[in-house]
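Peer 1: Model the following, please.
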Amino acid sequence: MAIMRYKPTTPSRRNMTSPSFEEITKFSPEKSLIVKKKKHAGRNSYGKITVRHHGGGNKQKYRLIDFKRNVDEKSTVIGIEYDPNRTSYIALVENEAGKKSYIIAPLGVTNGDVLSSGADSDIKPGNVLPLSAIPVGTVIHNIELYPGKGAQLVRSAGAFAQLMAKENGTAQVRLPSGEVRIVRLECKATIGQVGNLEHETIKLGKAGKTRHRGIRPTVRGSVMNPCDHPHGGGEGKSPIGRPGPVTPWGKPALGYKTRNKKARTNKFIIKRRNAK
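Peer 2: This next block holds a predicted model:
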């Protein structure tokens, strides 16, 4: 995939880049597979803001993605589409009975490719198999954590995991973060790497593009008043006046680990991310 660059006709155009969408082969979504997506602007059912910096943005419709693929069948790719709800592209596939569904588009998959699911499938990008049937060392994505629940891990653009070992009914999977985690062998995964590799190199170029995505401005606490943020107040550029940075509500931030030390799933993590 190539990156489009622009002549600096305006200050915002100078550093702006965008994808060329060379992989896209279908430009309108399948009407039977889209649903309304209501905006909440970060508010809960009581109208209270629980997630800051959300609001506005372009209108979107949600594409129903088949993360389970739990039927052993063959499907043909009939289109690669852009999805505003995720960083990866999506592929429209049609099975032998004529039923259509969306899947995450793996790298290298294009129109006309035949994808299959089931333990007897070939080891090629886009095919879905249980971890018990995948050779050690294979690059995978769309990994289930619980059999039959659907893929939960490794779904963003360019991401991939690697199957490291299999023993005692479990598999060891190295995730993109570097974490090595235990997953049951009955869980399914998709062969290959997620497409749209160049996504992380895109430069938006202007603040307006962020607003189009529904992200509102973030104001630094150090420029607020003391009544609004613990970092606020003082004459000129003042230090935060605390041992470490905190959130607007006084909780430690930037490096403070929030994972529960007694979490039930700790036993499934063999190696932590960023572990020495």
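
Peer 1: from the chain's centre, how far out does the helix or strand containing residue 62 sit?
Peer 2: According to DSSP states H and E, residue 62 maps onto strand 61-63. Centroid separation for strand 61-63 versus its chain: 15 Å, with C-alpha atoms, centre = their mean, to the nearest Å.

Peer 1: in it, what counts as buried?
Peer 2: For strand 61-63, a neighbour-count test (16 or more other C-beta atoms under 10 Å) marks residue 63 as buried. Glycine gets a C-beta too; all of them are placed from N, C-alpha and C.

Peer 1: How confident was the prediction at residue 216?
Peer 2: Per-residue confidence for residue 216 comes out at a pLDDT of 96.

Peer 1: do the same with the one 4 residues further on
Peer 2: At residue 220 the predicted local distance difference test score is 93.

Peer 1: who are the neighbours in contact with it?
Peer 2: Contacts here follow C-beta atoms under 8 Å, 6 or more residues apart in numbering; on that basis residue 220 touches residue 231.

Peer 1: Strands along the stretch 1-150 of the chain, start to end?
Peer 2: For the stretch 1-150 of the chain, applying DSSP state E, counting those that start in this stretch gives strands covering 3-5, 17-19, 34-36, 61-63, 74-81, 90-95, 100-104, 114-116, 128-130, 139-141, 143-144.

Peer 1: how about TSV for the ones you listed, with mean pLDDT and distance to residue 197 added?
Peer 2: Conversion of the strands of the stretch 1-150 of the chain to TSV gives the following (pLDDT from 0 to 100; distance: least, C-beta to C-beta, whole Å):
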stretch	mean pLDDT	distance to residue 197
strand 3-5	91	11
strand 17-19	92	10
strand 34-36	94	26
strand 61-63	95	21
strand 74-81	93	14
strand 90-95	94	16
strand 100-104	95	14
strand 114-116	92	20
strand 128-130	93	21
strand 139-141	96	12
strand 143-144	94	19
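
Peer 1: residues making contact with the strand holding residue 62?
Peer 2: Counting contacts by C-beta under 8 Å, 6+ apart, the residues outside strand 61-63 that touch it are 29, 33, 34, 35, 36, 37, 81, 83, 85, 90, 102.

Peer 1: Pull out the buried members of these.
Peer 2: The neighbour-count test (16+ other C-beta under 10 Å) applied to these identifies 29, 33, 81, 83, 90, 102 as buried.

Peer 1: Residue 227: which of those is nearest?
Peer 2: For residue 227, the nearest member of these is residue 83. The distance, counting by C-beta to C-beta, is 42.3 Å.

Peer 1: isn't there a strand covering residue 198?
Peer 2: No - counting by DSSP: H, G, I helix; E, B strand; the rest coil, residue 198 is located in no strand; its state is helix.

Peer 1: ok so, going back, possible to save the contacts of strand 61-63 as a markdown table with distance to residue 116?
Peer 2: Output for these, formatted as a markdown table (distance: C-beta to C-beta, whole Å):
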| residue | distance to residue 116 |
| --- | --- |
| 29 | 24 |
| 33 | 21 |
| 34 | 26 |
| 35 | 27 |
| 36 | 33 |
| 37 | 31 |
| 81 | 21 |
| 83 | 23 |
| 85 | 26 |
| 90 | 18 |
| 102 | 17 |
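
Peer 1: Closest to residue 47 out of these?
Peer 2: For the contacts of strand 61-63, the minimum distance to residue 47 (C-beta to C-beta) is 19.2 Å, reached by residue 37.

Peer 1: from the middle of its chain, how far away would stretch 122-139 be?
Peer 2: Relative to its chain's centre, stretch 122-139 lies at 21 Å (C-alpha atoms, centre = their mean).
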